[in-house]
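A.B. asks: Predicted model and sequence below, questions to follow.
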Amino acid sequence: MEENAWGNVVQSNRYHAATQFQPYRARRAFPCFDEPGFRATFSTTLKYPSRFTMTRTNGQATGAAAVDGIWLTQKHSTTPAMSVYLNAFLVSDFRELSDQRHRPRLSDRPRGRRILGKLGGEMMKALSATYKQSFTAHLPKLDMAALPDKSGAMENWGLVLYGESYLMYQEKVSTADSKRGDASITGHELAHMVFGNLVTYEW
C-alpha cells in the first residue's frame with residue numbers, strides 16, 4: 001500500500017492511501033498465491049477515517065457504512081474470480097468529477113482549480129462504450145482516479161489508477177502529442193479490463 005501526502009501554499013498536507021499490488025506485492029497485504037495464473041474471489045471489510053471516502057476494486061458496497069466515532073467500517077460484495085494483483089482500494093478525500101449514475105466515474109484531489117480537462121472523461125466514456133458488451137457481464141462498476149504522485153497507470157479491475165499527468169490535457173495549452181499520449185494510455189488501461197483482467201496469461 002502507498003500512503004502519500006500532497007499540498008500547496010493554499011492547502012496544508014492532505015493524504016490518500018492506494019494499493020499497487022502488481023507485479024507481486026499482494027502477498028505483503030494478505031496470504032495468497034501471488035501469481036497471475038491463480039485466481040481468487042475477495043469479500044472485504046475496510047475500516048477508515050470518516051473524513052475520507054473509500055473506493056474498492058470490482059465489488060460493490062453492501063449497505064451503509066457502520067459508524068464508530070471517527071471511523072467508518074464498510075463491507076463489500078464478493079468480487080468475481082480474479083488474479084490477486086488486480087485487487088485494490090483507494091482511501092482519499094478526492095472529489096468526483098462525473099455523474100455517479102454513469103460509468104466510468106472519475107475523481108481527483110480537490111484543488112482551487114480543476115487541472116483535469118474534459119478530455120479524460122470524454123475518452124473514458126467513449127472507450128467504455130466500445131467495450132460495453134464485455135463490461136456488462138464482468139464489470140459491475142468502473143471507477144478511475146488521478147493520483148498526484150503516481151507514475152504510470154494501473155488497470156485494477158474496476159478501479160483504474162492514473163498518474164495525474166496522464167489526464168491533464170487542456171485545450172489551447174497541451175500539445176497534440178500530449179493528447180495522443182493521454183488517449184493511448186486511457187485506451188490501454190481500459191483494454192486491460194478484458195485483455196489481462198478477464199482473459200489472463202498464466203504469467
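C.D. replies: Looks like it arrived, so ask away.
A.B. asks: Share the number of residues neighbouring residue 168, please.
C.D. replies: 19 (other CB atoms under 10 Å). Yep, even glycine has a C-beta here, placed from its N, CA and C like the rest.
A.B. asks: From residue 70, how far off is it?
C.D. replies: Remark: distance between residue 168 and residue 70 (CB to CB, to the nearest Å) = 33 Å.
A.B. asks: Could you work out the end-to-end span of stretch 34-52 for me?
C.D. replies: Criterion CA to CA, to the nearest Å; first-to-last residue distance in stretch 34-52 is 29 Å.
A.B. asks: quick check: mean pLDDT across that stretch?
C.D. replies: Across stretch 34-52, pLDDT averages out at 91.
A.B. asks: Can you give me the pLDDT of residue 19?
C.D. replies: 92.
A.B. asks: brain fart, residue 65
C.D. replies: pLDDT, read off for residue 65, is 78.
A.B. asks: Assess the claim that it and residue 72 are in contact.
C.D. replies: Yes. Applying CB atoms under 8 Å, one finds residue 65 in contact with residue 72, separated by 4.1 Å.
A.B. asks: Who has more neighbours out of those two?
C.D. replies: The neighbour comparison of residue 65 against residue 72 (other CB under 10 Å) goes to residue 72, with 20 against 17.
A.B. asks: contacting residues for that one?
C.D. replies: Each residue near residue 72 by CB atoms under 8 Å, 6 or more residues apart in numbering is listed here: 47-50, 54, 65-66.
A.B. asks: Return a ChimeraX selection command for the buried portion of the residues you listed.
C.D. replies: With 16 or more other CB atoms under 10 Å as the burial test, the buried ones among those are selected in ChimeraX as follows:
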select :48,54,65
